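[1] Fold the following, please.
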Amino acid sequence: MQDSLSYIEAGKAVYDSGGIPTTGTISSSNGHNLSNITFKQSVTEEVVNGVSILRFIVQAVDNGVIVYEISTFLGSSHH
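    Numbers count the residues shown, from 1 in each chain. Here you go, the predicted structure:
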């Protein structure tokens, strides 16, 4: 869970500096012994109450099974 939160915070920082967080699989080579865990990031555009906003999602995947997922809204899209 801690790694997932770290990826969420990193993605928010990228967004706050004007970028869009990368999507796809992230290497879990952060010194922890989680050899079977990989992390996937994605950004989706959603409409909430008529406003288009971005949702940033991080999933922890163990041997193809999502074991944890966390997401946050980033705000309106940059376009």
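
[2] Run through the residues that contact the nearest residue to I70 once chain neighbours are set aside.
    In space, and not counting its chain neighbours, I70 is closest to S4: 5.0 Å by Cβ to Cβ, 6 or more residues apart in numbering. (Glycine included, C-beta is placed from N, CA and C.) Going by Cβ atoms under 8 Å, 6 or more residues apart in numbering, S4 touches F39, V58, Q59, A60, Y68, E69, I70.

[3] ok, now G24?
    Neighbouring residues of G24 by Cβ under 8 Å, 6+ apart: K40, Q41.

[4] Same question for Y15.
    Y15 makes contacts with P21, L54, F56, L74, G75, as judged by Cβ under 8 Å, 6+ apart.

[5] Max pairwise distance over these: which two?
    P21 and G75 (12.4 Å; Cβ to Cβ).

[6] So which residues of this structure form strands?
    Per DSSP state E, the chain carries strands over the ranges 24-26, 37-48, 51-62, 65-76.

[7] Same list, those, but as JSON lines with distance to V14 and mean pLDDT please.
    As requested, the strands of the chain are exported to JSON lines (distance: least, Cβ to Cβ, whole Å; pLDDT from 0 to 100):
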{"stretch": "strand 24-26", "distance to V14": "13", "mean pLDDT": "87"}
{"stretch": "strand 37-48", "distance to V14": "10", "mean pLDDT": "92"}
{"stretch": "strand 51-62", "distance to V14": "9", "mean pLDDT": "93"}
{"stretch": "strand 65-76", "distance to V14": "9", "mean pLDDT": "90"}
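
[8] and these, which is most packed in?
    Stretch with highest mean neighbour count among the strands of the chain: strand 51-62 (a mean of 17; mean count of other Cβ atoms under 10 Å).

[9] Take it, keep the C-alpha atoms, and write them as CSV.
    Coordinates of each C-alpha in strand 51-62 appear next as CSV, following Å, rounded to 0.1, in the frame of the first residue of the first chain:
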residue,chain,number,x,y,z
VAL,A,51,-17.2,18.9,-15.4
SER,A,52,-14.5,16.9,-17.2
ILE,A,53,-11.8,15.8,-14.7
LEU,A,54,-9.0,13.4,-14.7
ARG,A,55,-8.8,10.4,-12.4
PHE,A,56,-5.3,8.9,-11.7
ILE,A,57,-5.3,5.2,-10.7
VAL,A,58,-2.5,3.1,-9.3
GLN,A,59,-3.0,-0.7,-9.1
ALA,A,60,-0.8,-3.2,-7.3
VAL,A,61,-0.8,-6.5,-9.2
ASP,A,62,0.3,-9.8,-7.9
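
[10] Fine by me, thanks again.
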